[in-house]
Every structure is written in structure tokens, then in C-alpha cells.
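Engineer: Turn this into a structure:
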Amino acid sequence: TLATGSWDTTVRLWDVADRTRPALLAQPLTGHTEGVRSVAFSPDGRTLATGSWDTTVRLWDVADRTRPALLGRPLTSHAGAVVSVVFSPDGRTLATGSDDHTARLWDVADRTRPTALGKRLTGHANWVVSVAFSPDGRTLATGSGDHTVRLWDVADRTRPALLGRPLTSHTNVVNSVVFSPDGRTLATGSDDRRVRLWDVADRTHPTALGQPLTGHANGVRSVAFSPDGRTLATGSYDWTVRLWRLR
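Structural biologist: Residues are numbered from 1 along each chain as shown. Sure thing, here's the model as predicted:
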């Protein structure tokens, strides 16, 4: 199944079992009052989270793909658009990033009664564009319009704490952050047209690895590791995708 979010305020589910003939599943998911900026499936695939410019997050029961249903009330803690949503590896926590310059953790173990956990993650001087959990779920990375990336210790969900200093190599908005499958490397993509790799084995002392990956003619919007961690894919506003072999 593929989920897509749109400026038309809706979310759609698609059956992509046959890649050559994707088919629409059910009616569009409606309820957001502004464009849907981010969508994410829970690890078990039974819940979908959607973040919107209307400042809310919604959880949907998609166990029956043909009859998706809203779960509980919208999550309304953010004061600005919710531009990134992601589930923790165990599916019990949701992280959200917003243009109110903060990130937030939510207890979603009971999907019908999600609750905010601890205080907002503050420190960024601009919107939080991307959030990503490490594979073990103990670290959260946040990429921001302030050109920096921050790492947070979220082992205790109620007391998230900043780890080390912000990563400051980029010279423009950091649009995407992602951990490698083994959790030892972080990749970041930016509007400065560059991709950076970081050694985050020691979370308190992350260091840049090698030179930036260059070649895109416009900002890098999305980065993703292959399951074996040996290849990185990067998508850009220059309308191209590039694949990088990582030694």
C-alpha cells in the first residue's frame, strides 16, 4: 500500500501490489482543512499518521484498507504547520516537526487516546522540516530551516535532551534527515544542493564523513538509504534522483 498526501487537503491509499497497475483504495481520507504535508505508516502498517498545514496531526485506522477511519481527536499541540511525522521503530511513539520551530513526541500506544510526552523539543531558530528516529528508537534527529541538524536523546520519552552541539555544515534549509539501517550514519539533504554523511556512532560527538555529495543542480528534498545501507538515494528540486554507492 502507498499513502499520498496533497495540497487538496486529502490523503489517498493505493494498492501497489501490482506495480504496473496501481489502484485507488476506498474514498479519500478527509478532515484536514489545509494541505497535507507529511504521511507515515506505523511499523505494523495498521495506522497512518498525517501532518497538515492546518497545524494538526491525525491518526487513521487503515487495517482495513478499503475502510480507513479516523482514530480519536486530532493532535493539536503545535502552533504552526506540521511538516513532518514519523513513528518510532516500536510504533508506540510519534514524532512531529513543525514550522513553529519545535518538535514534539506523542504517546500513541493507545491509538484512540494519543497524548503529548514531556516538553516540546526547542532550540531550532526556524521550522523543523524533518524528523527521524534511529533504528533503536533512542535518538531523534531534527533538520531545520535554520540550516542545522540536532540529535536528541529520547530514550526517556518524557525527558528528551539535546545531544552534543548542532551539526552546522549546511548553508541552507535541511530538508531531510535519515539514519542508516545500522544507526551509525546520518544522511542529511539541504537546499544548499548538497548531501552530507555524518558519523553518529558516538551520539554526543557526531562528525562529518568525507566531502559533501554534490551534483544536484537544485536543493535536495529527500534522502533515503537502501535496506542494506550500501546505497543512498537523493531526490532534488532539479527533477532528478541520484543513487550513491557508499563505501
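Engineer: Need the contact partners of the host helix or strand of residue 132.
Structural biologist: Per DSSP states H and E, residue 132 falls inside strand 128-133. Contacts with strand 128-133, where a contact means CB atoms under 8 Å, 6 or more residues apart in numbering, come from 83-89, 93, 95-99, 101-103, 121, 139-145, 154, 173-179. All C-beta spots, glycine's among them, are computed from the backbone N, C-alpha and C.
Engineer: what's the answer for stretch 19-37, then?
Structural biologist: 1-2, 5-16, 48, 50-54, 56, 58, 60, 65-68, 70, 74, 81-84.
Engineer: now stretch 150-157
Structural biologist: With CB under 8 Å, 6+ apart as the criterion, stretch 150-157 contacts 93, 95, 103, 105, 107, 117-118, 121, 123-124, 133, 137-142, 144, 160-164, 166-167, 186, 200, 203, 206.
Engineer: So which of the contacts of stretch 19-37 are in strands?
Structural biologist: 2, 5, 11-15, 48, 50-52, 58, 60, 70, 74, 82-84 (DSSP state E).
Engineer: Now do the contacts for the nearest residue to residue 224 once chain neighbours are set aside.
Structural biologist: Excluding its sequence neighbours, the residue lying closest to residue 224 (CB to CB, 6 or more residues apart in numbering) is residue 233, at 4.9 Å. Shown in contact with residue 233 (CB under 8 Å, 6+ apart): 223, 224, 225, 226, 241, 242, 243, 244.
Engineer: Let's see if you can find the most crowded of those residues.
Structural biologist: residue 223 (26 neighbours; other CB atoms under 10 Å).
Engineer: before we move on, back to that, ok now the strand holding residue 132, how far from the chain's centre?
Structural biologist: 5 Å (CA atoms, centre = their mean, to the nearest Å).
Engineer: Equivalent analysis for stretch 146-154, please.
Structural biologist: 13 Å.
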